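Asker: Return a 3D structure for these sequence lines:
(chains A and B)
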Amino acid sequence: MNNMNIYRVKKKPFPIGQCVLILVMIAICILWIIPIWSMIETSLHTDDAFTFYGLDYIKEPLTFKTYENVLSGASGQPVAKWFSNSVCVAVLSTLLTVLIDSMAAYGYARLNFKGKNLVFTLLMVTMMIPGVINLIPQYAIVSQLNLKNTIWALILPGLSGVGNIFLIRQFMYSVPTDLDNAAAIDGASKIRIYFQIILPQIVPVLVTVAMFTFLGSWNDLLWPSLVMSDENLTLTAGLEKLKGEYDREKASIMAAATVSAIPVLIIYLFSQKFLLQGISLSSGVKE
Amino acid sequence: MKKNERSLCANSFPPASVEMFTGAKQHSVQKRKHTVANQLQSAIFIGPHLVFFVVFFLLPFVVGIVMSFFQWDMVGTPVFVGLDNFKKIFTFVGEAGDTYYNRLFFEGLRATLIYTVVATPLIIIVPMLFAVLLNAIKNRKLRSMFQAVLYAPSLLSVATVALIFLWLFNQDLGPVNDFFGWLGVNWGRNALFENGVVIDAVPRAWIVIFIFTVWSGVGGNMIIFMSAMSNISPSLYEAANLDGANAWKKFWKITLPEMRFQLLYSTVMGTIGGFNVFGQTAMYGGDIYNTTLMQNIRSMIELNIAGIASAMALLLGLIISIFSAIQFKMMNKKD
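Answerer: Residues are numbered from 1 along each chain as shown, chains lettered A, B, ... in the order given. As a prediction, this is how the structure comes out:
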């Protein structure tokens, strides 16, 4: 961490280079904030403000009316329903993924069973398969299992992922085995060891996995649009249905977009550290 | 891996207890190795995931390949048609019939390639620039603040981002047009978007798609590059300083080569993402010139044309694999 400033110039009385650099970055950051700011600002107007070409909508006082309209479904689309679907699916996906994947990672990292290496190698190899090949059969299987149009169609296929297991398993190797060995000598079952000794020690990687799973589920567009009917969509997929009404309902659309962005941005505010760590972790930088 | 575990034990315990622990462990492992009870216990842990893996990953993969040789409407019995699906994709007959699939595939592939070829370098080069600039900032608080801001859009879904930019570049009252109007530039009906629907503005639609791809896509790679740069040994730069190398040379001769694994990762991931592009163009309505292959595959699924759609998916999968393999080869050669 000490060598972050690789282009550091030797100490000068007035760091003019740093000032210019910071100003440039501030300018870039303003550019980066404008779209989000504009989305929120627009959503605080009413649709009527954008009806007339050239209307001076800036003079209109800001209001939450558009949100009331959008969430009550007055604008014609069940945005509130989509939102609650999104929350259900994302939360369930996250919990199940963390549980199932960490259990599997424990199995591959700490347990001894026949064919362990073979199965694990198979899992790793399949990570290279392009997902697009699986898409149509997944759809067919979900239809065959009569899961279409239920939230399970959105949750269960996601549990087949392999990357998280790899990540958690790697992390487990950095957890000392003393405690579980001691517990094993005391006669604790593997399940107890996993829940009481392993889980508390791998919380950081679990938080990372949980966040990426939540984001992935929340932001998925293609899959929900395939397996869910319009009124049961998730919010992200629902946004696609909204775009057709752009000419009339600019503020409503921006309100729906804001509703879809807010949970994600709130999570980001509270767990930035884990998220940024996780990105480096999954790209293998730390190894 | 067992070596690893043992060395960890050795680090945290005095020698006597290490023997005790490793001895105890080996004993318990040997005693229980591959007993039925042990296998069952392991099944409890890896079983749930394996079930989902087989049902929703392994099975679909096999079915996906097999299905591309069948004609199937997702309801009735699949009919084996051999290579017919691929023939339909590759034959251009004229205006009617099989041409349809030929167009769906190749025009979809063209749009996909346009996106991949432009977007992949963009979301490597721009994050690299940002990472260099950010790493040059001495004030840590400012640096992490900038980093947080630049990463934030990466969290939003493609749908959200696309809606925001449809609004920003909207012809009527859109802030970008407003801004240019304020500057005295009146694009009139040449604005990038007309009520959010692209009609004939194909190149212009691409411009906006690339703008928001950069806006929402730089974050991840920027973080990866930044932490890669901070992991480069400072002694390399010190040696270069002694040789009188300038910042530009240091970047090309030290920074980039030292980051080649992260670069490979970002390039492969970016290319795969590019070939799978869907939302970016799907959010912009149905113009044939920017409808990507994934969009066409989705419409075919919705029309229950499973066989040919599978064949297209398989072809796309093959293209992705070939590109990834080439990239691995090229990067490894530089080693």
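
Asker: so where is the stretch 51-200 of chain A shaky, pLDDT-wise?
Answerer: Judged by pLDDT under 70, the stretch 51-200 of chain A has its weakly predicted residues at A:51-60.

Asker: actually the stretch 51-200 of chain B, sorry about that
Answerer: Counting by pLDDT under 70, the stretch 51-200 of chain B has low-confidence residues at B:93-99, B:171-173, B:180-200.

Asker: mean confidence for stretch B:271-291?
Answerer: Regarding stretch B:271-291, the rounded mean pLDDT is 77.

Asker: what distance separates the start and the end of it?
Answerer: 18 Å (CA to CA, to the nearest Å).

Asker: is chain A contacted by that stretch?
Answerer: Yes. Figure legend: stretch B:271-291 in contact with chain A (CB under 8 Å from any CB of the partner chain); contacting residues B:272, B:275-276, B:278-279, B:282-283, B:285. Heads up, the C-betas are built off the backbone N, CA and C, glycines and all.

Asker: Same list, the residues you listed, but as CSV with neighbour count please.
Answerer: CSV is the format used below for the residues of stretch B:271-291 next to chain A (neighbours: other CB atoms under 10 Å in any protein chain shown):
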residue, neighbour count
B:272, 19
B:275, 24
B:276, 21
B:278, 20
B:279, 26
B:282, 24
B:283, 22
B:285, 18
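
Asker: what about residue 210, how many residues close to it?
Answerer: No chain specified, so I'll use chain A. Close neighbours of residue A:210, defined as other CB atoms under 10 Å in any protein chain shown, add up to 22.

Asker: my question was about chain B
Answerer: Neighbours of residue B:210 (other CB under 10 Å): 18.

Asker: what about the most centrally placed residue in chain A, which helix or strand?
Answerer: Per CA atoms, centre = their mean, the C-alpha nearest to the average position across chain A is that of residue A:215, at 0.9 Å. When elements are assigned from DSSP states H and E, residue A:215 belongs to helix A:203-219.

Asker: now the helix or strand that that helix is followed by: how far from the chain's centre is it?
Answerer: Sequence-wise, the next helix or strand beyond helix A:203-219 is helix A:222-227, with elements assigned using DSSP H and E. Helix A:222-227 has its average C-alpha position 17 Å from the chain's average C-alpha position, going by CA atoms, centre = their mean, to the nearest Å.

Asker: What angle do helix A:203-219 and whichever helix or strand comes after helix A:222-227 make with each other?
Answerer: Sequence order places helix A:235-242 as the next helix or strand after helix A:222-227, per DSSP H and E. Computed with axes from the mean of the first three to the mean of the last three CA atoms, to 10 degrees, the direction of helix A:235-242 lies at 20 degrees from that of helix A:203-219.

Asker: And chain B, is helix A:235-242 touching that?
Answerer: Yes. Judged by CB under 8 Å from any CB, helix A:235-242 comes into contact with chain B through A:236-237, A:239-240, A:242.

Asker: Can you check the pLDDT for the closest residue to residue B:156 other than its chain neighbours?
Answerer: The spatially closest residue to residue B:156, leaving aside those adjacent along the chain, is residue A:261, at 5.4 Å (CB to CB, 6 or more residues apart in numbering or on different chains). You'll see residue A:261 listed with a pLDDT of 92.

Asker: In the helix or strand hosting residue A:261, which residues are buried?
Answerer: Assigned by DSSP H and E, residue A:261 belongs to helix A:250-282. Applying a neighbour-count criterion of 16 or more other CB atoms under 10 Å in any protein chain shown, one finds A:250-261, A:263-264, A:267-268, A:271, A:274-282 buried in helix A:250-282.

Asker: Am I right that the residue nearest to the centre of chain A is in contact with residue B:155?
Answerer: Yes. The pair residue A:215 and residue B:155 passes the contact test of CB atoms under 8 Å, sitting 6.3 Å apart.

Asker: check contacts around residue B:127.
Answerer: B:218-222, B:224-225, B:266 (CB atoms under 8 Å, 6 or more residues apart in numbering or on different chains).

Asker: Over to residue A:135?
Answerer: Counting by CB under 8 Å, 6+ apart, residue A:135 makes contact with A:222, B:60, B:64, B:297, B:301, B:313.

Asker: Off-centre distance for the helix holding residue A:215?
Answerer: Mean-position distance between helix A:203-219 and its chain equals 6 Å (CA atoms, centre = their mean).

Asker: Contact partners for residue B:167?
Answerer: Shown in contact with residue B:167 (CB under 8 Å, 6+ apart): A:38-39, A:42, A:246, A:250, A:253-254, B:174-175, B:196.

Asker: what does residue A:251 give?
Answerer: Residues in contact with residue A:251 (CB under 8 Å, 6+ apart) are A:42-47, A:49-50, A:66.

Asker: let's see it at 10 Å
Answerer: With contacts defined as CB atoms under 10 Å, 6 or more residues apart in numbering or on different chains, the neighbours of residue A:251 are A:41-50, A:57, A:63, A:65-67, A:69-70, A:75, B:167.

Asker: Tell me which of those residues fall in helices.
Answerer: With helices identified by DSSP state H, the entries of these that belong to them are A:41-43, A:65-67, A:69-70, B:167.

Asker: List just the nearest of those residues to residue A:179.
Answerer: Compare each of the ones in helices among the contacts of residue A:251 with residue A:179 using CB to CB and the shortest gap goes to residue A:67, at 49.9 Å.

Asker: Let me know the distance separating the closest one from residue A:74.
Answerer: According to CB to CB, to the nearest Å, residue A:67 and residue A:74 sit 11 Å apart.

Asker: Compare these two and say which is more crowded by neighbours.
Answerer: Set side by side, residue A:67 and residue A:74 show unequal neighbour counts under other CB under 10 Å, the larger going to residue A:67 at 18 against 12.

Asker: That one contacts residue A:45, doesn't it?
Answerer: No. Here residue A:67 does not reach residue A:45: they are 11.1 Å apart, not a contact under CB atoms under 10 Å.
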